[in-house]
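Peer 1: with the input below, show me the fold.
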Amino acid sequence: MQNELKAVLQALVAEPASEYPVFSVYLDWTTDSNGKRQSPTILEQELSQIASNWPGSGPIYDSFEADRERILDYVNNEAPKDALSLVIFACSGTEVWAPLPLQVPIETYVAVDRYPHTFPLARVLDDYETFAVVKADGQQAQIMVVSLETADQVAETQARETINRVMVGGWSQQRYQSRTDFLITLHTQELAQRLDEVVKQYNVQHIIISTNDSVKAAVMGGLTAPLQALVRDVSNTDLPDAPRALREALDPVLAEAERQQEADAVAALEEQMATVGGLAAVGSADIAMALSKGQVQTLLVLQGFAGEGRECPTCGSLFVGDERVCPYDGTELQPRPLREAFLARALQQGSEVQIIPQNDYLAQHGGVAALLRYRDDVQAVGE
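Peer 2: Reported below is the predicted structural model:
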C-alpha cells in the first residue's frame, strides 16, 4: 500500500545521477465525456518531441528507445483501466522500471533527465495519506484501509453474543440492559485492539468512524489516546463501500486535516524563526546549506517552488548562486533543479516533507523553509 510507494520513492532518490536517460511519467488516466483517455496521445507527442532532440546512436540512445517502447507498450496494453492516474519511472540503462497505478487524480507531466523527477509523487503522498474507515455498531464492525493504490477491508469484529434490543420490562429489563452494555463494551475493546494493529501495520495517519449514536461513546471510549488523536471525524453518516465513492465522500474531511497539518508546521516555523537560536531556516541558500549538513527535521516547500542550483557529485553538497566548483573538494558542480535536489536530500536523510499549496509566510521567504534538528551558528532575533 502507501508504505510500498514510499519505499519506491526512497529507492528512486537514493540513486545517483545517471549517464543514461531517466523517464519520469505522470499521466491523468481518467476518461473524457466520450469514455476515451487523452493522456496516451499526449504521451506519444511528448516522447516524440523529446526524441527529436536526442542523439541518434550509441548505448544512451538505445536505453532511451528501449524505455520509450516499454512505456508506450505498458500504457497501451497493460495499465489497469480502473486507475485514476499512472506514474512510471524507467531507465533500462540502470535497470529501473517502476509503474505505479494510483487511485487519485494527477496532472500529466513527462520528463527525461539524468535523475527521476519525484516531486509530483511526493506531493501526492503528502496530500493523500493512508486512512482507516471504521463502520461499527454494537453487534459488528468492519475496518477498511484506503491508500493511494487501493481500498481493502482488512479486519472485522463481532460481538460475542447476538444483541437484541428488546423491551422486556422491570428488573428483567435492567439485567438485560446490563448484559447488553457489557457485550458492547467487550466488542468495542476488541475493535480498539484490532484498529491499533491495523494502524501500526499499514501506517495509518487518519481514522474516520461511522457509527450510530447508541454506541458512539462506547466506541470512542474504547480507543487509546494515540488512536483518538488520529480520529478526524465521527458521525452516523452511511459511508459508501465503493473505494472511489468512499474517497470522494471523505475528501473534504481529509483535506481539512492536511491543511491543519500544514498550518501547524508553518506556525512552528514562525515561532522558531522569532526565537534567538531557533531551530529553523528560510530561503534557498540557507536550506541548501542545512540539507548539506543533515540539519533538516522537516522541509516545508511551496507547491510552486522552483529555482536552479548546483550539486557536487563527489561530496553531495548543494549550492545556490554562482558557484561552479565545489569549495570542499574542487569537483565541478552539476546543475540541478532545487525542488528535486531539496526533496531528494530531505528524503535521504529521513526528514519529513510538507508540500504546501499556498502560504504567505513561505512565499515571503522564497518558497522554502525548514525546521532543524540542530544548528551550529548563533541566530539573532529577526534574522
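
Peer 1: wait, a helix at R123?
Peer 2: Yes - judged by DSSP: H, G, I helix; E, B strand; the rest coil, R123 forms part of a helix.

Peer 1: in terms of helices and strands, where is the closest residue in space to it that isn't next to it in sequence?
Peer 2: Leaving aside its sequence neighbours, R123 sits nearest to I355 (C-beta to C-beta, 6 or more residues apart in numbering; 4.6 Å). For glycine as for every other residue, the C-beta is placed from the backbone atoms N, C-alpha and C. Per DSSP states H and E: I355 is located in strand 352-356.

Peer 1: list the neighbouring strands of that strand plus their orientation.
Peer 2: strand 296-302 (parallel) (DSSP bridges).

Peer 1: bridged to the residue nearest to R123, which residues?
Peer 2: Beta-bridge partners of I355, counted by DSSP bridges, are V301.

Peer 1: tell me the pLDDT of it.
Peer 2: pLDDT recorded at I355 is 97.

Peer 1: buried residues in the longest helix belonging to the chain?
Peer 2: If you go by DSSP state H, the chain has its longest helix at helix 170-202. Across helix 170-202, burial judged by 16 or more other C-beta atoms under 10 Å covers 176, 180, 183-184, 187-188, 190-192, 194-195, 198-199, 202.

Peer 1: next SSE after that helix?
Peer 2: Assigned by DSSP H and E, the successor of helix 170-202 is strand 206-211.

Peer 1: tell me the gap between that following strand and the middle of its chain.
Peer 2: Averaging C-alpha positions (C-alpha atoms, centre = their mean, to the nearest Å) puts strand 206-211 20 Å from its chain's average.

Peer 1: and for stretch 121-134?
Peer 2: For stretch 121-134, the distance to the chain centre is 5 Å (C-alpha atoms, centre = their mean).

Peer 1: over to it now: how far is its first residue from its last?
Peer 2: 28 Å (C-alpha to C-alpha, to the nearest Å).

Peer 1: list the buried residues in that stretch.
Peer 2: Neighbour-count burial for stretch 121-134 [16+ other C-beta under 10 Å]: 121-126, 128-134.

Peer 1: just put the residues you listed in TSV and tack on pLDDT and distance to V146.
Peer 2: Shown next, in TSV, are the buried residues of stretch 121-134 (pLDDT from 0 to 100; distance: C-beta to C-beta, whole Å):
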residue	pLDDT	distance to V146
L121	95	18
A122	95	19
R123	94	18
V124	92	14
L125	91	14
D126	91	16
Y128	89	9
E129	89	10
T130	90	7
F131	93	6
A132	95	8
V133	95	7
V134	95	12
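
Peer 1: what stretches of the stretch 101-250 of the chain score poorly on pLDDT?
Peer 2: 162-177, 179 (pLDDT under 70).

Peer 1: quick one, domains of the chain?
Peer 2: The record's domain parsing of the chain by automatic domain parsing lists 2-127, 131-239, 259-372.

Peer 1: for the first one, the distance to its chain's centre please.
Peer 2: Relative to the chain's own centre, domain 2-127 is displaced by 18 Å; criterion: C-alpha atoms, centre = their mean.

Peer 1: which parts of the stretch 1-150 of the chain are helices?
Peer 2: Ranges of helices in the stretch 1-150 of the chain, per DSSP state H, counting those that start in this stretch, are 2-14, 39-52, 59-73, 119-127.

Peer 1: so which of those helices is the most surrounded?
Peer 2: Ranked by mean neighbour count, those are led by helix 119-127 with a mean of 20 (mean count of other C-beta atoms under 10 Å).

Peer 1: for F131, give the beta-bridge partners.
Peer 2: The partner residues for F131, given DSSP bridges, come to V146, H206.

Peer 1: which residues are in contact with L269?
Peer 2: With contact taken as C-beta atoms under 8 Å, 6 or more residues apart in numbering, L269 is in contact with 280, 282, 300, 361, 369-371.

Peer 1: and stretch 81-88, how far apart are its ends?
Peer 2: 15 Å.

Peer 1: quick one: pLDDT of Y61?
Peer 2: 90.

Peer 1: again, but for A380
Peer 2: On the pLDDT scale, A380 gets 40.

Peer 1: with only the CA atoms kept, save stretch 142-159 in CSV.
Peer 2: Taking C-alpha atoms only, stretch 142-159 is exported to CSV below (Å, rounded to 0.1, in the frame of the first residue of the first chain):
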residue,chain,number,x,y,z
GLN,A,142,-15.5,-3.5,9.7
ILE,A,143,-12.2,-1.7,9.3
MET,A,144,-11.2,-0.6,5.8
VAL,A,145,-7.8,0.8,4.8
VAL,A,146,-7.7,3.3,1.9
SER,A,147,-4.4,4.2,0.3
LEU,A,148,-3.3,5.7,-3.0
GLU,A,149,-3.2,2.3,-4.6
THR,A,150,-6.3,0.5,-3.3
ALA,A,151,-9.0,0.2,-0.7
ASP,A,152,-9.5,-3.0,1.2
GLN,A,153,-11.4,-4.3,4.2
VAL,A,154,-8.6,-5.6,6.4
ALA,A,155,-10.4,-6.5,9.7
GLU,A,156,-13.8,-7.4,11.1
THR,A,157,-15.0,-7.8,14.6
GLN,A,158,-18.2,-9.4,16.1
ALA,A,159,-19.9,-9.2,19.5
